[in-house]
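**Student:** Fold the following, please.
(one chain, ligands or ions: 2)
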Amino acid sequence: MMMSENPTVALVGPGAIGTTMAAALHEVGRTPTICGRSAHERLELRYSGGRVVVPGPVRIDLAEIKNKFDLVFLAVKSTRVAAAPWLSALCSAKTVVCVLQNGVEQKTLVAPYLSGGPVLPSVVWLPAQREPDASVWLRGEARLTLPDTPATSVVLAALRGTRCSVDVAVDFTSVAWRKLLQNAVAGLMVLAGRRAGMFARTDITRLSLAYLRECLEVARAEGATLGDAVPQEIVDGFQRSPADLGTSILADRQAGRPLEWDCRNGVVQRCGLSRGIPTPISDLVVPLLAAASAGPG
Ligand SMILES: NC(=O)C1=CN([C@@H]2O[C@H](COP(=O)(O)OP(=O)(O)OC[C@H]3O[C@@H](n4cnc5c(N)ncnc54)[C@H](OP(=O)(O)O)[C@@H]3O)[C@@H](O)[C@H]2O)C=CC1
Ligand SMILES: CC(C)(CO)C(=O)C(=O)O
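**Tutor:** Ligands and ions are numbered 1, 2, ... in the order given. So this is what the prediction gives:
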């Protein structure tokens, strides 16, 4: 793919992840065109040791978009299909859309909204928390993993020299499923209404390990190469985290917003079903998350 060393960049969804990416680009003089649902005069990122203010405006009117971009970062929740018109406004058939969402199905979910341009999935490792004043607290290193595709070079060019590091994975499927397992078990925080501190409990550790082993079997059937130690490593990771570290799906639950239960938990149950793998823990967790998301009641 022929691409400029300085791709034009737009970003849709200036929330926890979107603000982090906008700030990373702004710091190196590559401020993206920012598109969202709510008007914000500026975006603010706090991290250990400093803060970055990204000047607005956040564009909320599609009519303001007069040209197409080389690269669009899509950082809305996977539940927000209402953001799709932004993609028509911002993308030509050559635009690379880099999806900054959790899950292993980004390509399938986003491609229908594009006119054939490349969709680049990513694994987003950074823990970012949106505060009540809409500023964002980045609680760790900013890092993405991308698959090795012709479109990847556009993202590497846009993010070179920024605070967001990028790894390119030859076996992206395995990395994406590894992160999916972490997200799936984080769903238990929604059901308990608690943050990472809950993983100090031995009963939660036991449940988490059983759920993760179920997810691991499905991940392997889907082509991921992941070792037997992964469930314990993921639980260890939560146990090492600050007790007050949340997860984006818990933030949504606490704010009464729709939950990404399907792309983070439902996917394990769906893939298990299609491959004849029993998923008894998913069969309990998924309906509870779905009901928490959508009711009724
Ligand atoms: N937060 C985290 O630490 C991590 C999140 N992720 C994943 O990243 C993705 C994004 O999550 P996160 O940043 O936490 O989500 P947030 O809810 O913080 O941000 C979403 C943003 O999208 C905007 N938005 C909503 N609807 C629309 C629309 N129709 N058009 C344009 N913009 C819209 C919201 O607007 P408004 O300003 O009005 O709210 C908000 O700015 C999710 O898939 C999540 O699972 C992955 C790793 C870590
Ligand atoms: C921060 C992290 C990794 C925790 O599960 C995440 O992916 C999220 O909050 O959605």
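
**Student:** which residues of this structure score low on pLDDT?
**Tutor:** Scanning the chain with the threshold set as pLDDT under 70 gives 1-4.

**Student:** What residue in it comes nearest to ligand 1?
**Tutor:** Here the residue of the chain nearest ligand 1 is Gly15; by CB to the nearest ligand atom that distance is 1.7 Å. Placement of C-beta: from N, CA and C, glycine included.

**Student:** need the contact list for that residue.
**Tutor:** Ala75, Val76, Lys77, Arg130, Val136 (CB atoms under 8 Å, 6 or more residues apart in numbering).

**Student:** Isn't the fourth one up against Ala16?
**Tutor:** In this case it means Arg130. Yes: when contacts are counted by CB atoms under 8 Å, Arg130 is listed as touching Ala16 (4.6 Å).

**Student:** the helices in the chain, which residues?
**Tutor:** 16-27, 84-90, 106-110, 152-159, 172-192, 202-221, 230-240, 248-254, 261, 267-274, 280-294 (DSSP state H).

**Student:** mind listing what's buried in the third one?
**Tutor:** Going back to what we said before, that points to helix 106-110. Gln106, Leu109, Val110 (16 or more other CB atoms under 10 Å).

**Student:** And those, which is closest to Ile234?
**Tutor:** In terms of CB to CB, no member of the buried residues of helix 106-110 lies closer to Ile234 than Gln106, at 20.8 Å.

**Student:** From what I see, the closest one and Tyr113 are in contact.
**Tutor:** No: here Gln106 does not reach Tyr113: they are 11.7 Å apart, not a contact under CB under 8 Å.

**Student:** who touches stretch 268-288?
**Tutor:** 180, 184, 187-188, 191, 207, 210-211, 214-215, 217-218, 221-222, 261, 265-266.

**Student:** try it again with 7 Å
**Tutor:** Contact with stretch 268-288 is made by 184, 187, 191, 210-211, 214-215, 217-218, 221-222, 261, 265-266, as judged by CB atoms under 7 Å, 6 or more residues apart in numbering.
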